[in-house]
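In: whatever this is, show me its structure:
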Amino acid sequence: MQVPSVQDVFAIGDCSGYLDSTGKPVLPALAQVAERQGKYLASLLNKIGKAGGGHANSAKDMDFGDPFVYKHLGSMATLGRHKALVDLRQSKESKGISLAGFFSWIIWRSAYLTRVVSWRNRFYVAVNWATTIVFGRDISRI
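Out: Residues are numbered from 1 along each chain as shown. Below you'll find the predicted structure:
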């Protein structure tokens, strides 16, 4: 994730243009890629800071440790009307779970709730979903 032409500059997410060991040109433009790159880069920057870095060109001769490796955990998408897609395969060729329909929608909703940060917000999201199921969406404007 280090920008090759500039010292002490890193890129994550869609900007990283990462080439992995198989020669594939770019990682998928997904939030899970950027999230994992961000966690990796945060630990790397903390390591540089603890080793006396943090100033321009101070990490020039430092060992950064193991390079970032992305492992795809799967994809999920909601389609609306209580339907979703869940693909938990690591690639199209590998074996794994690939579902569509109502059960996939339940899995997607459950996974979404696990990603909400606080218990308070999880409660609000769940209550909002429940009221939407019971009363429908209010799309009127005042």
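In: could you point out the longest helix of this protein?
Out: Using DSSP state H, we find that the single longest helix of the chain is helix 31-50.
In: buried sites along that one?
Out: V33, A34, R36, Q37, Y40, L41, L44, I48 (16 or more other C-beta atoms under 10 Å). All C-beta atoms are positioned from the backbone trio N, CA, C, and that covers glycine.
In: from those residues, pick the one nearest V9.
Out: Lowest distance from V9 to the buried residues of helix 31-50 (C-beta to C-beta) belongs to L41, with 11.3 Å.
In: quick one, what contacts the closest one?
Out: By C-beta atoms under 8 Å, 6 or more residues apart in numbering, the residues touching L41 are M1, F10, I12.
In: with only the CA atoms kept, save whichever helix or strand comes after the longest helix of the chain in PDB.
Out: The helix or strand immediately downstream of helix 31-50 is strand 75-80, counting by DSSP states H and E. The C-alpha coordinates for strand 75-80 follow below in PDB (Å, rounded to 0.1, in the frame of the first residue of the first chain):
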ATOM      1  CA  SER A  75     -20.400 -10.700  -0.700                       C
ATOM      2  CA  MET A  76     -23.900  -9.800   0.300                       C
ATOM      3  CA  ALA A  77     -26.400  -7.500  -1.400                       C
ATOM      4  CA  THR A  78     -30.000  -6.700  -0.600                       C
ATOM      5  CA  LEU A  79     -32.400  -6.600  -3.600                       C
ATOM      6  CA  GLY A  80     -35.500  -5.200  -1.900                       C
END
